[in-house]
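Undergrad: Sequence and predicted model, in that order:
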Amino acid sequence: MSKVTVPLQVSFASLVQQFFTEYLVNQRALSPCTIASYRDAMMLFLNFAHSHLGKTPTDLNLTDIRPELILAFLDHLEQERHNSVRSRNLRLAALRAFLKFASRRDVSSLQVVEQALAVPMKRFERPMLDFLSHEEMLAVLGQPGETWTSQRDHLLLTMLYNTGARVSEIIGVQVGDVVIAGSACVHLHGKGRKQRSTPLWKSTAQEIRNWLRCNPLLGANSALLPNRNGHAMTRFNVTQRLNIAVTRATEIYSSLSNRRISPHTIRHTTAMSLLQSGVAFSVIALWLGHESTTTTHRYVEANLEMKEKALERLQEPSIQMSRYHPQDDALMKFLQAL
């Protein structure tokens, strides 16, 4: 008589370690920033579970992670830690990713995990996307000056607008990532270590040629847009240089003075310019490196909202619409007789 093999239960601590060291890093190849975000979410949850259940993280089991515990944790985030709904949802997404992974490693807890996965994301009103008009964007770009910093900053802003790249992508561009011969393009390293190639305007390619000609020591592995020390610029550097450009542009367009313009605003501006120029929806998603077209659809919604606001300014014609009355229509008579 054959014996029934009972699968061994994997410890919770072991599952957490495998999730971070094997799954996220090796299989998913997520960026260090994303892994850090998942780690922070897990640590917050484990600390909450410790205070709520009286169990240390090492003593926890998958069966302890019930919907009631997750909901209590999410309430804790919003009410006591004052997290936004967006942050709350990001923490939940990290937990759900772990639970899906764990259910494949410990099938004995599958039913409990499925119940926990049923905890929904919270809906929230997204703010309208902010973007610049073509004239405002040109004012922010300005003209390159004669100094090294001015020329670098102009190339930085031009590439942000040309490519619609995220800050992390643009500061990660190395000289070897740029193709300026023939069909000019730049190879961007996006979220999840995914790569995409984005075409460059002829003027952008020429500006890169001039920049490399003036900086002959920049090798293939050098940052295309370095700081004074020769290292890649930081997010703070980019935001700081953009703020200087916006302050200068405010002298031309006072409408910029009361707006919070970030590098991501330029990304929105690129997307809206493509959309309003009639570029196909799917192409914009590829251009921006969106994993889901749902994200790209936000630009369509923003464009429609902008048109609706313009419509409100138009005066409606005062035309009295008369009601249509069919004359002895057989079908209408049939329906009325029912």
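TA: Received, thanks. Residues are numbered from 1 along each chain as shown.
Undergrad: if I've got this straight, Cys240 is in a helix?
TA: One thing to correct before we go on: residue 240 is Gln, not Cys. Yes: under DSSP: H, G, I helix; E, B strand; the rest coil, Gln240 falls within a helix.
Undergrad: quick one: the helix or strand harbouring Met137 to chain centroid distance?
TA: Assigned by DSSP states H and E, Met137 belongs to helix 134-141. Offset of helix 134-141 from its chain centre (CA atoms, centre = their mean, to the nearest Å): 23 Å.
Undergrad: ditto for stretch 237-252
TA: Per CA atoms, centre = their mean, the centroid offset for stretch 237-252 relative to its chain is 23 Å.
Undergrad: Likewise for stretch 145-163?
TA: The answer for stretch 145-163 is 24 Å, by CA atoms, centre = their mean.
Undergrad: And for stretch 160-178?
TA: 15 Å.
Undergrad: can you pull the buried residues of it?
TA: Using 16 or more other CB atoms under 10 Å as the burial criterion, the residues of stretch 160-178 that qualify are 160-175, 177-178. For the C-beta atoms, the positions are set from N, CA and C on the backbone; glycine is no exception.
Undergrad: Can you pull the poorly scored residue ranges out of the stretch 51-200 of the chain?
TA: 124-128, 192 (pLDDT under 70).
Undergrad: And the strands in it, which stretches?
TA: 178-179, 185-189, 195-199 (DSSP state E, counting those that start in this stretch).
Undergrad: For those, give me TSV that also has distance to Arg28.
TA: Output for these, formatted as TSV (distance: least, CB to CB, whole Å):
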stretch	distance to Arg28
strand 178-179	28
strand 185-189	15
strand 195-199	16
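Undergrad: How is the protein partitioned into domains?
TA: Using automatic domain parsing, the domain parsing of the chain gives 12-117, 134-311.
Undergrad: Reformat those domains as JSON lines; add distance to Arg123.
TA: Listed next are the domains of the chain as JSON lines, based on distance: least, CB to CB, whole Å:
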{"stretch": "domain 12-117", "distance to Arg123": "8"}
{"stretch": "domain 134-311", "distance to Arg123": "14"}
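Undergrad: what about Asn83, distance to Leu92?
TA: Using CB to CB, to the nearest Å, Asn83 is found at 11 Å from Leu92.
Undergrad: before we move on, what about Tyr38?
TA: 12 Å.
Undergrad: before we move on, back to that, narrow the buried residues of stretch 160-178 to those in helices?
TA: Using DSSP state H, 160-163, 167-171 are the members of the buried residues of stretch 160-178 that sit in helices.
Undergrad: and which of these is nearest to Thr198?
TA: For these, the minimum distance to Thr198 (CB to CB) is 4.5 Å, reached by Thr163.
Undergrad: To what extent is the nearest residue to the closest one once chain neighbours are set aside buried, counted in neighbours?
TA: In space, and not counting its chain neighbours, Thr163 is closest to Thr198: 4.5 Å by CB to CB, 6 or more residues apart in numbering. Residues near Thr198, counting by other CB atoms under 10 Å, number 19.
Undergrad: do the same with Arg260
TA: The number of residues packed near Arg260 is 7, by other CB under 10 Å.
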